[in-house]
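S.K.: Provided below for reference: sequence and predicted model.
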Amino acid sequence: MILAKVLLAFCVIALGFGGLTVYRASERERSIEASYPPVGQIVELEGRSVHVVVEGTGPDLVLIHGAGGNAMDFTYMFTEELTDRYRVFAVDRPGLGYTDRVHPDLNGAFTTQAETPIEQARLLAEATRKLGAENPIVLGHSYGGAVAMAWALEEPAAGVVIVSGATMPWPGPLRRYYRVFGSLIGGALGGPLVAAYVGEDRTRAALDGVFEPAPVDPGYYEGAAVPLAVRSETFRANARQVKSLRPNLVEMSSRYPSMTLPVEVLHGTADTTVRPEVHAEPLVETLPNARLTLLDGIGHSPHNVAPKPVIEAIDRLAKRAGLR
């Protein structure tokens, strides 16, 4: 009898905490989306919405953000250096920012499936084509580097710029964070817990790790709409995409030697998130038409802390591709 009462009390407390967490998560997500609404165009593609920010004139340039990010990672400061000579398309990847998942059945707590980089590239290429981009330069940062490489393998492109890109299969296990939250239980429970209880201090600390050894620009957290990443479905999508990335890179990397497009690869030597000796250096060795630029002392976000060499690489690739 005592055990039954204890179990009943535990169940009541657990249900109450669960209900409170879901309520807090929902309220916080509404507040975040009210504070950080879409700033670009919503492109509708057979029931799927893709958020794209289009600015500038000139040759077309598509910018693809990394894990946990959104298009405003680029529009915060980086695109203002480009829009005088490029028509820039900054996109939200599927499941992040304000872009839908590639397949509706990828939504929800109880799945571990995620769209592949190739599926993401196809959706983004379709959306930007609808806005007039036919043969763009494609730049990918971090996870976005994998999507940019998938684009080059599957869709028309003038050339590719890879910035701190996760583009090659890495040795050893994935970080525990993604193994846990990309799992069935971790994703189901972690999404609402993060949305409900992870505060600004914790999110800013995670940003520090991305930018270090450079400091985070004071306006970046708000200007890049960083809180969008803690919404339950966004958090799950991000974790599951990263958890499933390596087998996709195994398949993709076997096709890299056949790519003849010009490629510019940039990577910071102080990047501990995506290491250059694991990704950038072997990537360049597999590609017949690639150039590598290592950025001494720069971490994982070169376009934010050292934009000049990234912009120079874009201009260099435009010339190599015959666009300048």
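M.R.: Yep, it's here.

S.K.: Tell me the spatial nearest neighbour of A313, not counting adjacent residues.
M.R.: Take A313 and drop its neighbours on the chain: the residue closest to it by Cβ to Cβ, 6 or more residues apart in numbering is E264, 4.1 Å away. Using the backbone N, CA and C atoms, a C-beta is placed for each residue, glycine as well.

S.K.: in the stretch 101-250 of the chain, which spans are helices?
M.R.: 117-130, 143-154, 176-181, 184-197, 200-211, 220-223, 232-243, 245-253 (DSSP state H, counting those that start in this stretch).

S.K.: Highest mean neighbour count across those helices, which stretch is it?
M.R.: Greatest average neighbour count among those goes to helix 143-154 (a mean of 27), per mean count of other Cβ atoms under 10 Å.

S.K.: other SSEs contacting it?
M.R.: strand 60-64, helix 117-130, strand 137-141, strand 159-163, helix 245-253 (3 or more Cβ pairs under 8 Å, 6 or more residues apart in numbering; DSSP states H and E).

S.K.: any idea of the pLDDT on the nearest residue to A237 once chain neighbours are set aside?
M.R.: Excluding its sequence neighbours, the residue lying closest to A237 (Cβ to Cβ, 6+ apart) is G95, at 2.9 Å. Looking at G95, its pLDDT is 97.

S.K.: Name all residues that make contact with the residue most central in space within the chain.
M.R.: Central residue of the chain (Cα atoms, centre = their mean): G66, 2.5 Å from the mean position. Applying Cβ atoms under 8 Å, 6 or more residues apart in numbering to G66 gives the contacts 73, 140-145, 164, 166.

S.K.: one more time with 10 Å
M.R.: Neighbour list for G66: 73, 93, 96, 140-147, 163-166, 210, 238, 242, 273-274, 300-301 [criterion: Cβ atoms under 10 Å, 6 or more residues apart in numbering].

S.K.: follow-up on the earlier one: show me what the residue nearest to A313 is bridged to.
M.R.: Note on E264: beta-bridge partners by DSSP bridges are V161, R291.

S.K.: Kindly state the pLDDT recorded for it?
M.R.: Among the per-residue scores, E264 shows a pLDDT of 98.

S.K.: Would you mind confirming that P117 makes contact with E154?
M.R.: Yes - contact criterion Cβ atoms under 10 Å: P117 and E154 qualify, at 9.5 Å.

S.K.: Give me the common contacts of the two.
M.R.: Residues touching both P117 and E154 (Cβ under 10 Å, 6+ apart) are M252.

S.K.: Now do the same for V52: helix, strand or coil?
M.R.: Following DSSP: H, G, I helix; E, B strand; the rest coil, the label given to V52 is strand.

S.K.: wait, it sits on K130?
M.R.: Yes - proximity of V52 to K130 meets the contact threshold set by Cβ under 10 Å, at 9.0 Å.

S.K.: anything in contact with each of the two?
M.R.: What both V52 and K130 touch, as defined by Cβ under 10 Å, 6+ apart, is the set 41, 43.

S.K.: can you give me the end-to-end distance of stretch 250-261?
M.R.: 20 Å (Cα to Cα, to the nearest Å).

S.K.: Give me the residues contacting it.
M.R.: If you take Cβ under 10 Å, 6+ apart as the criterion, stretch 250-261 is touched by 116-118, 137-138, 146, 149-150, 152-154, 156-160, 167-169, 245, 249, 263, 282-290, 317, 320-321.

S.K.: Perfect, I'm done here.
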